[in-house]
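In: Here is my input, please return the structure:
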Amino acid sequence: MNIESNKNEDINKQLVYDLDNKLKKVHEGGGEKAAAKQKEKGKMLARERIAYLIDDDKPWLEIGAFAGEGMYAEHGGCPSGGVVCGIGYVSGRQCVVVANDATVKAGAWFPITAKKNLRAQEVAMENRLPIIYLVDSAGVYLPLQDEIFPDKEHFGRIFRNNAIMSSMGVIQISAIMGSCVAGGAYLPIMSDEAMIVDGTGSVFLAGSYLVKSAIGEDVDNETLGGATTHCEISGVTDYKQPNDPACLDSIRKIMSMTGDYIKAGFDRIEAAAPKQDEREIYSIIPENREKPYDMYDILHRLLDNSDFEEYKTGYGQSIICGLGRVDGWAVGIVANQRKVLKSKKGEMQFGGVIYSDSADKATRFIMNCNQKKIPLVFVQDVTGFMVGSRSEQGGIIKDGAKMVNAVANSVVPKFTFIIGNSYGAGNYAMCGKAYDPRLIYAWPSAKIAVMGGSQAAKTLLQIQESGLKARGEEITRQKEQELLKEITDRYNSQTTPYYAAARLWVDGIIDPLETRKVISMGIEAANHAPIEKAFNVGIIQT
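Out: Reported below is the predicted structural model:
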């Protein structure tokens with residue numbers, strides 16, 4: 001290993017170390033004092049409930065761990081969006097689990113909480129996975145009610161999705177393990193089955209204080225909506241459990257009796273580890289996001305036996321396409337090549353840029369994978385499409401549009417990993433968030449923005465300087481440098497994977513060594529949902 005590789009390894013391992021520390025902080029939720037209060041009530045914490053519920057010998061894939069990171073500071077923050085979500089296994093059955101974290105504002109719903117819950121439901125619906133809700137929430141966070149209550153993608157969409165999933169036959173099981181108030185009461189009751197923990201669980205449209213102010217009735221919360229009321233009088237809930245462990249055991253028992261599902265039929269054989277050491281990935285990704293490297297070196301450390309059946313090897317080389325396997329599952333790979341290349345015509349091509357021929361190749365490959373029912377994996381390190389007169393005259397817009405069209409209309413499941421740059425229209429063509437990947441994760445080395453930081457900062461500086469000059473202000477060299485640094489720092493802070501993960505532009509940030517796990521669990525989830533729609537790319541391909 002040379003000096004450059006050693007440096008890359010040190011930097012990337014440090015990024016993963018920082019990631020682990022940030023995750024530990026996120027896992028603390030609302031902090032020790034808030035956790036202690038929950039324990040005093042005899043309740044398990046959200047992550048303890050999930051750990052007890054899911055199978056010990058199977059992997060857990062968290063979704064949205066960094067949701068809300070750095071947001072809502074004026075409201076005391078909202079770690080992990082106040083809810084823990086992910087894909088796990090319960091009694092051997094793969095499912096989505098959603099657990100309110102009552103240590104964060106009593107589990108109240110912030111805007112990002114609703115967005116994260118909707119994402120969890122989307123994963124369940126797309127893959128027809130059973131979904132389990134562990135409910136413990138005080139309802140909408142009132143100071144931000146205008147940002148969570150009335151719009152299409154707000155709180156009410158949760159219950160709409162409950163109804164849609166019911167019609168789809170997607171299993172929904174709810175456990176009321178704490179407060180369940182007002183509109184939030186509909187979530188567990190619109191599930192197929194609902195259980196409630198005696199003494200700590202309660203569900204009602206209005207609590208005792210509101211009932212007193214509204215109709216003058218004096219009643220305590222337990223009589224109003226406790227376990228005895230709803231299991232023995234109203235019949236609203238189906239099972240009454242004495243404590244959290246018993247409640248979770250009941251869910252495990254129900255799931256153990258659930259029948260098998262109709263499979264999509266994605267191909268899988270016995271898994272094999274890559275022949276080339278996965279840990280060497282750390283030494284390949286450069287610190288400087290503009291430096292070139294060979295994407296084949298990454299792919300050979302992700303694929304079973306490091307075996308890759310490449311498509312159109314010598315054509316459109318700035319995008320690599322081909323077939324391989326991950327944990328036994330057949331996959332189609334679409335990855336940006338970051339090396340500086342020389343075309344057959346002798347022209348130099350920049351790494352990470354999509355050219356007309358590479359867009360054309362990727363389009364054809366995506367169509368082939370749809371025809372063969374092979375899931376697609378996109379590995380993003382892209383700076384965008386090639387610009388300039390030669391590219392425009394060569395039809396780059398049309399070729400790019402064809403690729404975007406193929407990605408958008410793909411019916412096989414898509415999985416996206418942002419391992420480096422993800423800029424501009426390159427993000428779209430390589431199956432960014434807007435193009436419905438089943439899962440989308442970033443490595444700590446990712447950068448996501450409309451363009452690179454230095455280009456954006458210089459552009460914004462010109463605009464800002466023009467405005468200052470128009471007001472008669474003199475721009476000194478020192479002032480210019482100060483403005484440039486201010487703009488660059490602000491812009492760069494918005495391109496980090498943590499900024500993206502906080503807003504759920506990605507489902508999470510992972511150690512590169514977890515990539516194979518995400519792909520395997522993702523395809524296993526997608527295998528629950530047979531493809532019912534024919535692949536049709538529309539008129540643009542004619």
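In: could you say which helix or strand contains the residue found closest to residue 159 once you drop the neighbours it is linked to in the chain?
Out: Spatial nearest neighbour of residue 159, excluding adjacent residues (CB to CB, 6 or more residues apart in numbering): residue 186 at 4.7 Å. From N, CA and C alone the C-beta is placed, and that goes for glycine too. Assigned by DSSP states H and E, residue 186 falls within helix 186-189.
In: which residues sit against the helix or strand that comes right after that helix?
Out: As assigned by DSSP H and E, the chain's next helix or strand after helix 186-189 is strand 193-197. Applying CB atoms under 8 Å, 6 or more residues apart in numbering, the contact partners of strand 193-197 are 172-178, 188, 202-203, 226-227, 230-231, 236-244, 246-247, 250-251, 254.
In: Neighbouring strands - and their directions - for strand 193-197?
Out: Taking DSSP bridges as the criterion, strand 193-197 forms sheet pairs with strand 172-181 (parallel), strand 239-241 (parallel).
In: how far does that strand sit from the chain's center?
Out: The chain centre lies 28 Å from the centre of strand 193-197; the measure is CA atoms, centre = their mean, to the nearest Å.
In: ok, residue 422 touching residue 445?
Out: No - with contact defined as CB atoms under 8 Å, residue 422 does not reach residue 445; the gap is 11.0 Å.
In: between these two, which one's more packed in?
Out: residue 422 (29 against 24; other CB atoms under 10 Å).
In: The strand or helix carrying that one packs against which elements?
Out: Element membership of residue 422 [criterion: DSSP H and E] is strand 414-423. Contacts defined by 3 or more CB pairs under 8 Å, 6 or more residues apart in numbering; DSSP states H and E place strand 414-423 against strand 376-382, strand 439-442, strand 447-449, helix 515-526.
In: For residue 57, find the nearest of these.
Out: Closest to residue 57 of those, according to CB to CB: helix 515-526, at 14.1 Å.
In: Which strands or helices does that closest one pack on?
Out: strand 61-63, strand 93-100, helix 111-127, strand 319-326, strand 329-336, strand 414-423, strand 439-442.
In: what would the ones you listed look like in a markdown table with mean pLDDT and distance to residue 144?
Out: Below are the helices and strands packed on helix 515-526 laid out as a markdown table (pLDDT from 0 to 100; distance: least, CB to CB, whole Å):
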| stretch | mean pLDDT | distance to residue 144 |
| --- | --- | --- |
| strand 61-63 | 98 | 22 |
| strand 93-100 | 98 | 17 |
| helix 111-127 | 97 | 6 |
| strand 319-326 | 98 | 40 |
| strand 329-336 | 98 | 39 |
| strand 414-423 | 96 | 29 |
| strand 439-442 | 98 | 26 |
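In: Take the ones you listed and write them to CSV, including distance to residue 8.
Out: As requested, the helices and strands packed on helix 515-526 are arranged in CSV below (distance: least, CB to CB, whole Å):
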stretch, distance to residue 8
strand 61-63, 27
strand 93-100, 35
helix 111-127, 33
strand 319-326, 20
strand 329-336, 18
strand 414-423, 12
strand 439-442, 18
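In: so what's residue 361 up against?
Out: Counted by CB under 8 Å, 6+ apart, residue 361 has contacts 311, 312, 315, 316, 319, 321.
In: The helix holding residue 186 packs against which elements?
Out: strand 131-137, helix 156-168, strand 172-181.
In: got the residue ranges for the helices in the stretch 401-542 of the chain?
Out: 424-429, 453-470, 477-493, 497-502, 515-526 (DSSP state H, counting those that start in this stretch).
In: Could you list the low-pLDDT ranges of the stretch 401-542 of the chain?
Out: Filtered on pLDDT under 70, the stretch 401-542 of the chain yields the residue ranges 452-457, 539-542.
In: same thing but 90
Out: 424-425, 449-494, 533-542 (pLDDT under 90).
In: top helix in this structure by residue count?
Out: Counting by DSSP state H, the longest helix found in the chain is helix 3-27.
In: quick one: contacts of it?
Out: Outside helix 3-27, the residues touching it (CB under 8 Å, 6+ apart) are 1, 47, 65-66, 69, 79-80, 281-287, 444-445, 498, 509, 511-512.
In: possible to save the contacts of residue 361 as CSV with neighbour count and distance to residue 527?
Out: What follows is the contacts of residue 361, written out as CSV (neighbours: other CB atoms under 10 Å; distance: CB to CB, whole Å):
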residue, neighbour count, distance to residue 527
311, 20, 24
312, 18, 28
315, 15, 32
316, 26, 31
319, 27, 27
321, 24, 23
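In: With distance to residue 157 added, can I get these in JSON lines?
Out: Formatted as JSON lines, the contacts of residue 361 follow (distance: CB to CB, whole Å):
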{"residue": "311", "distance to residue 157": "40"}
{"residue": "312", "distance to residue 157": "42"}
{"residue": "315", "distance to residue 157": "44"}
{"residue": "316", "distance to residue 157": "41"}
{"residue": "319", "distance to residue 157": "36"}
{"residue": "321", "distance to residue 157": "37"}
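In: Tell me the spacing between residue 409 and residue 537.
Out: Using CB to CB, to the nearest Å, one obtains 5 Å as the distance from residue 409 to residue 537.
In: How about residue 221?
Out: Taking CB to CB, one finds residue 221 at 56 Å from residue 537.
In: and what of residue 495?
Out: Distance from residue 495 to residue 537, by CB to CB: 32 Å.
In: cool, residue 430 as well?
Out: Taken as CB to CB, the span from residue 430 to residue 537 is 17 Å.
In: of the two, who's got more company?
Out: Ranked by neighbour count (other CB under 10 Å), residue 430 and residue 537 place residue 430 first, with 27 against 18.
In: which residues does that one contact?
Out: 334, 336, 378, 380, 382, 407, 416, 422.
In: which residues does the fourth one form a beta bridge with?
Out: Okay, so that is residue 380. Bridge pairing for residue 380 - DSSP bridges - gives residue 418.
In: Distance check, it against residue 359.
Out: 15 Å.
In: next one: residue 60
Out: Taking CB to CB, one finds residue 60 at 37 Å from residue 359.
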